[in-house]
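>>> one predicted model, sequence on top.
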Amino acid sequence: MRKLLMLALALTALLSCSRNSDVNIIPKPVTIKQADGDFTINSKTLVRADSADSIALNNAIYLVELLNQKGVGCAFNAEVGVDSTNSIVFTRTGCSDSLGAEGYMLSIGPKHIVIKANESAGFFYAIQTLRQLMPANFEKNDFRQKSVTVPCLSVIDKPRFPWRGLNLDCCRHFMTKDFVKRYIDLLAYHKMNVLHWHLTEDQGWRIEIKKYPRLTEIGAWRTNADGTVYGGFYTQDDIREVVSYAAKRHVMVVPEIEMPGHSVAALAAYPNLSCTGEPLKVETNWGVFKDIYCAGNDSTFIFLQDVLTEVVELFPSPYIHIGGDEAPKYRWENCPKCKARLKSEGLSNYEELQRYFISRIAKFLEGKGKTIIGWDEILEGGRPHNATVQAWRGIDRATEALSANAPVIVSPTSHCYFDYPIEVTSLQKVYSFDPVPTQVDSAKVPLVLGGECNMWTEYAPQETVDSKVFPRMLAIAEVLWTYPRDRNYNEFLNRVRNHYHRLEALGVTYGFEQSAVEFKSSIGDDKKSISAELIKGQDNLTIRYTTNGDEPTESSTRYRKPIELTSSTTLKAAAFNNGNRVGDVFERSFAVSKSLGKPIELGFVPAEKYLGGSMQALVDGRLGTPKYNDGIWQAVQGHDMLATIDLGANQPIKNFSVGFLQNIPSWIFLPNRVDVFVSADSISFDQIAQMDCPESIKRQPVLVYRFNTFVVNNIMGRYVRFVAHNPGPCPEWHPASGSPTWLFADEIVVE
Ligand code: ACM
Ligand code: ZN
């Protein structure tokens with residue numbers, strides 16, 4: 001009995017001596033050669049660096065501090081001995097120049113570890129790799145052990161891109177200083193090096209500016225409809241603390257101070273800076289707002305220069321992000337001062353006035369040794385003075401920036417927006433991102449600085465941020481560090497699954513890799529049915545579904561093979577694991593009608609971002625959901641929609657309908673009228689219906705509405721055409737009045 005107990009204790013000791021045999025480094029290094037054996041770091045280990053080399057020395061001390069915090073009492077020794085058994089040597093001797101400032105060589109043998117780098121960042125990243133080789137529980141706050149063991153191997157590594165960032169929107173929802181510091185740790189652990197800190201918005205100004213105290217007294221707080229007040233800001237001491245914390249971890253903090261748009265909180269504090277001078281409240285809605293800084297008013301520039309003077313003192317980063325996105329020109333077009341400025345500067349339109357605005361700020365900042373970054377809209381009036389561009393509306397915007405010879409940071413909504421649901425932007429989708437546009441001249445590739453993922457927080461209070469950022473940030477970290485030839489999704493996914501233990505130890509409440517249920521549909525060869533395929537997000541799940549409108553439960557029909565739908569159906573499905581539902585109920589409606597799968601000719605060019613899956617989106621049988629980015633809606637901005645379908649033969653037409661989405665905050669409106677025509681020969685068309693948009697729903701913020709007409713006379717036709725009339729620019733009462741509106745259609749249904 002006693003012997004058995006001893007054995008058990010010995011076994012426990014063996015297990016708790018914490019050997020980590022899996023090698024799962026994220027991002028994946030350039031080369032990694034595994035070898036037999038391992039190395040144990042313990043109280044007798046000497047961490048060595050030449051005292052004359054402060055860079056190696058400081059990193060050696062950083063490692064000793066890290067290990068000592070965790071109970072591994074190793075010591076520092078300021079010499080580099082070759083005979084040094086049980087040592088960790090930091091040296092700048094023998095590191096290849098080609099590894100640059102961030103590259104490193106890490107060699108772990110059974111007797112010692114040698115770390116070589118050219119610069120401090122390289123040593124720091126070698127230490128991060130070493131950490132990822134330690135047992136996962138090393139990352140727990142309360143980990144205390146006298147030794148840790150790492151496997152023998154050698155790594156040679158360097159990043160593909162110099163700019164590897166995360167944008168945290170701390171305005172729509174505030175994040176505490178400690179939360180931001182925690183994200184700096186998480187960035188550094190994954191070898192990311194830029195925190196893009198979004199600090200000013202319509203809904204809150206979050207940085208203390210001594211000269212303009214109302215920015216935080218007024219601008220940092222919003223009063224919700226129910227009277228509750230929400231807000232917060234960072235004092236200048238908070239900012240210095242965060243910036244210095246980041247610098248120690250080789251993370252550059254780039255502040256974003258938005259102009260000329262997204263500035264309602266500042267205008268609420270200082271209304272004299274807007275075109276109208278009217279009082280404003282800090283915004284409580286999400287969206288794009290027409291009140292922006294007045295470009296004709298010199299006070300605006302004095303104010304912004306004063307603000308930026310304090311900002312540049314706080315942030316050593318050579319870059320200042322000035323926003324520049326989503327600035328409706330409506331106020332400028334109606335402002336005497338802005339009109340006068342346009343004239344005096346000889347500008348031909350209000351996009352050029354924005355360029356003037358931003359160039360003026362860029363020149364001011366250049367005098368302070370800083371370069372500006374602006375979102376891709378800043379190219380619209382011509383590239384502002386020496387601006388770096390952050391492409392967000394699509395990879396094409398990166399191409400556009402490169403054509404203007406602007407350095408570019410690439411972060412398209414399609415792959416890099418982590419506020420988008422996992423159904424739309426899965427881990428695999430993020431992993432497929434490449435910041436270099438395919439059609440780019442190789443001489444311009446060095447202008448691609450790298451990329452960022454964006455965590456916008458309209459719908460993401462702090463406690464939900466982890467579940468949106470992770471695991472997707474692991475994919476971005478690897479896309480930006482690892483060369484494409486070394487990337488393979490399935491292999492990455494394996495490492496991610498192992499890495500979850502580390503994230504758990506780090507206290508990260510990560511979310512899903514993809515939605516628990518995904519679906520694909522295709523039209524049957526006879527064009528009389530739809531085949532709906534349901535795909536589970538993880539192997540251990542079971543999918544169950546209903547077609548009668550009921551919520552799926554553990555006792556609903558189990559999905560085994562594609563479901564044939566021969567009439568219009570609403571399909572509801574959910575994934576289950578051991579009887580518990582995983583994720584949300586997935587719901588899609590399908591229409592099976594005469595128009596299904598028929599040839600369609602579009603009289604408009606659908607937006608690339610909202611194609612709805614294909615040019616056949618309007619006859620693919622899939623009905624849209626209230627989410628504009630569900631991948632089903634086909635859209636066009638600022639134009640009417642016209643489409644003609646060919647039913648293949650002359651036949652009676654009894655009913656016609658076409659569905660539209662309205663999402664007023666996102667500038668998506670119902671058409672004000674839909675006209676329907678039929679023809680036997682596709683040459684001469686007769687109008688059979690005119691359907692006006694009901695007044696009662698014109699101001700409803702979000703809804704899906706089907707324009708539907710019953711055809712009473714015995715109408716025959718082969719070709720059916722509809723024209724949906726765009727209601728014109730956003731109306732005066734709209735926050736973005738004057739901006740072109742969108743039409744979003746899902747499906748034509750002909751019976
Ligand atoms: C942005 O998402 N408006 C940059
Ligand atoms: Zn103005």
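Received it, and whenever you're ready, just let me know what you need. Numbering: from 1, shown residues only. Ligands and ions are numbered 1, 2, ... in the order given.
>>> use CA for all of it now, contacts and neighbours both
OK.
>>> show me the helices in the stretch 251-400 of the chain, by range?
Listed in chain order, the helices of the stretch 251-400 of the chain (DSSP state H, counting those that start in this stretch) span 264-269, 298-314, 330-333, 336-344, 350-366, 395-403.
>>> can you tell me which of these is nearest to Tyr628?
Proximity to Tyr628 (Cα to Cα) singles out helix 395-403 among the helices of the stretch 251-400 of the chain, at 20.2 Å.
>>> ok, the residue of the stretch 201-350 of the chain found nearest ligand 1 - contacts?
Nearest to ligand 1, among the residues of the stretch 201-350 of the chain, is Asp325, at 5.5 Å (Cα to the nearest ligand atom). Neighbouring residues of Asp325 by Cα atoms under 8 Å, 6 or more residues apart in numbering: Gly261, His262, Gly374, Trp375, Asp376, Glu377, Ile378.
>>> among these, name the ones in strands.
Those of the contacts of Asp325 mapping onto strands are Gly374, Trp375, per DSSP state E.
>>> closest to ligand 2 out of the contacts of Asp325?
Within these, proximity to ligand 2 (Cα to the ion) peaks at Gly261, which comes in at 12.2 Å.
>>> so what's the residue count around whatever residue of the stretch 601-750 of the chain ends up closest to ligand 1?
The nearest approach of the stretch 601-750 of the chain to ligand 1 comes at Ser666, 11.7 Å away (Cα to the nearest ligand atom). For Ser666, the neighbour count with other Cα atoms under 10 Å is 16.
>>> mind putting the contacts of Asp325 into a markdown table with neighbour count?
Converted to a markdown table, the contacts of Asp325 look like this (neighbours: other Cα atoms under 10 Å):
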| residue | neighbour count |
| --- | --- |
| Gly261 | 22 |
| His262 | 29 |
| Gly374 | 26 |
| Trp375 | 25 |
| Asp376 | 26 |
| Glu377 | 23 |
| Ile378 | 28 |
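>>> ok, which pair from the contacts of Asp325 is furthest apart?
That would be His262 and Asp376, which, of these, are the farthest apart (Cα to Cα) at 14.9 Å.
>>> near ligand 1, which residues of the protein?
Asp325, Trp375, Trp392 (Cα under 6 Å from any ligand atom).
>>> which one is the last one nearest to, not counting chain neighbours?
So that's Trp392. Spatial nearest neighbour of Trp392, excluding adjacent residues (Cα to Cα, 6 or more residues apart in numbering): Pro412 at 4.0 Å.
>>> and that neighbour, how far from Gly450?
Distance, Pro412 to Gly450, using Cα to Cα, to the nearest Å: 12 Å.
>>> over to Ala477?
From Ala477 to Gly450 the distance is 11 Å (Cα to Cα).
>>> need the overlap of contacts for the two.
With Cα under 8 Å, 6+ apart, Ala477 and Gly450 have common neighbours Arg164.
>>> where in the stretch 501-650 of the chain is pLDDT low?
Within the stretch 501-650 of the chain, no range satisfies pLDDT under 70.
>>> of all the helices of the stretch 251-400 of the chain, which lies closest to Thr91?
helix 298-314 (32.8 Å).
>>> same for that closest one, what does it pack against?
Identification of packing neighbours for helix 298-314 by 3 or more Cα pairs under 8 Å, 6 or more residues apart in numbering; DSSP states H and E yields helix 236-248, helix 350-366.
>>> turn those helices into CSV, columns for distance to Asn386.
What follows is the helices and strands packed on helix 298-314, written out as CSV (distance: least, Cα to Cα, whole Å):
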stretch, distance to Asn386
helix 236-248, 25
helix 350-366, 7
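>>> so which of these is nearest ligand 2?
Of these, nearest to ligand 2 by Cα to the ion is helix 350-366, at 10.5 Å.
>>> what is the closest one packed up against?
Secondary elements touching helix 350-366 (3+ Cα pairs under 8 Å, 6+ apart): helix 298-314, helix 336-344, strand 371-375.
>>> output the contacting helices and strands for the last one.
Contact partners of strand 371-375 among helices and strands, from 3+ Cα pairs under 8 Å, 6+ apart: strand 319-323, helix 350-366, strand 388-391.
>>> average pLDDT for the last one, rounded please.
The pLDDT scores in strand 388-391 average 98.
>>> is Phe124 in a helix, a strand, or coil?
helix (DSSP: H, G, I helix; E, B strand; the rest coil).
>>> correct me if wrong: it contacts Asn59.
Yes. With contact defined as Cα atoms under 8 Å, Phe124 reaches Asn59; the gap is 6.7 Å.
>>> got the residues of the protein near ligand 2?
Residues of the chain lying near ligand 2 by Cα under 5 Å from the ion: Cys275, Cys294, Gly296, Trp332, Cys335, Cys338.
>>> let's see it at 8 Å
Proximity of the chain to ligand 2, by Cα under 8 Å from the ion, involves residues 274-276, 293-297, 331-339.
>>> can you pull out the helices in the stretch 451-600 of the chain?
Going by DSSP H, counting those that start in this stretch, the stretch 451-600 of the chain shows helices at 462-469, 472-481, 489-505.
>>> buried residues, the longest one. List them.
The reference is to helix 489-505. With burial defined by 16 or more other Cα atoms under 10 Å, the residues of helix 489-505 counted as buried are Phe492, Leu493, Arg495, Val496, Asn498, His499, Tyr500, His501, Arg502, Leu503, Ala505.
>>> and the angle for it with helix 472-481?
120 degrees (axes from the mean of the first three to the mean of the last three Cα atoms, to 10 degrees).
>>> and the contacts of helix 489-505?
24-26, 136-141, 428, 431, 471, 474, 509-510.
>>> likewise for the first one?
Counting by Cα under 8 Å, 6+ apart, the neighbours of helix 462-469 from elsewhere in the structure are 173-175, 418-419, 421-422, 455, 508-512.
>>> show me which of these are buried.
Of those, these count as buried by 16+ other Cα under 10 Å: His173, Phe174, Met175, Phe418, Asp419, Ile422, Met455, Val508, Thr509, Tyr510, Gly511, Phe512.
>>> which of the helices or strands spans Val89?
Here Val89 is covered by strand 87-91, with elements defined by DSSP states H and E.
>>> what does that strand rub up against?
With Cα under 8 Å, 6+ apart, strand 87-91 has contacts from 45-50, 56-57, 59-60, 80, 111-117, 123.
>>> what is the mean pLDDT for it?
94.
>>> try stretch 126-137
97.
>>> one step back: now intersect the contacts of strand 87-91 with the strands, please.
Leu46, Val47, Arg48, Ala49, His112, Ile113, Val114, Ile115, Lys116, Ala117.
>>> how far away is the second one from ligand 2?
As defined by Cα to the ion, to the nearest Å, Val47 lies at a distance of 62 Å from ligand 2.
>>> again, but for the fifth one
Plainly put, His112 is 67 Å away from ligand 2 if you go by Cα to the ion.
>>> that residue: neighbouring residues, count only.
Count around His112 with other Cα under 10 Å applied: 23.
>>> give the contact list for it.
Here His112 is in contact with Phe39, Ser84, Thr85, Asn86, Ser87, Ile88, Val89 (Cα under 8 Å, 6+ apart).
>>> same deal with the fourth one?
Contacts were defined as Cα under 8 Å, 6+ apart; by that measure Ala49 touches Ala56, Leu57, Ala60, Asn77, Ala78, Glu79, Val80, Val89, Phe90, Thr91.
>>> if we go to 10 Å?
55-61, 76-81, 88-92, 115 (Cα atoms under 10 Å, 6 or more residues apart in numbering).
>>> which parts of the stretch 151-300 of the chain are strands?
Taking DSSP state E, counting those that start in this stretch as the criterion, the stretch 151-300 of the chain carries its strands at 163-169, 194-198, 200-201, 204-205, 221-223, 229-231, 252-259.
>>> just name the most buried of those.
Comparing these by mean neighbour count (mean count of other Cα atoms under 10 Å), strand 204-205 comes out on top with a mean of 34.
>>> pick out the residue of the stretch 501-650 of the chain closest to ligand 2.
Gly638 (24.8 Å).
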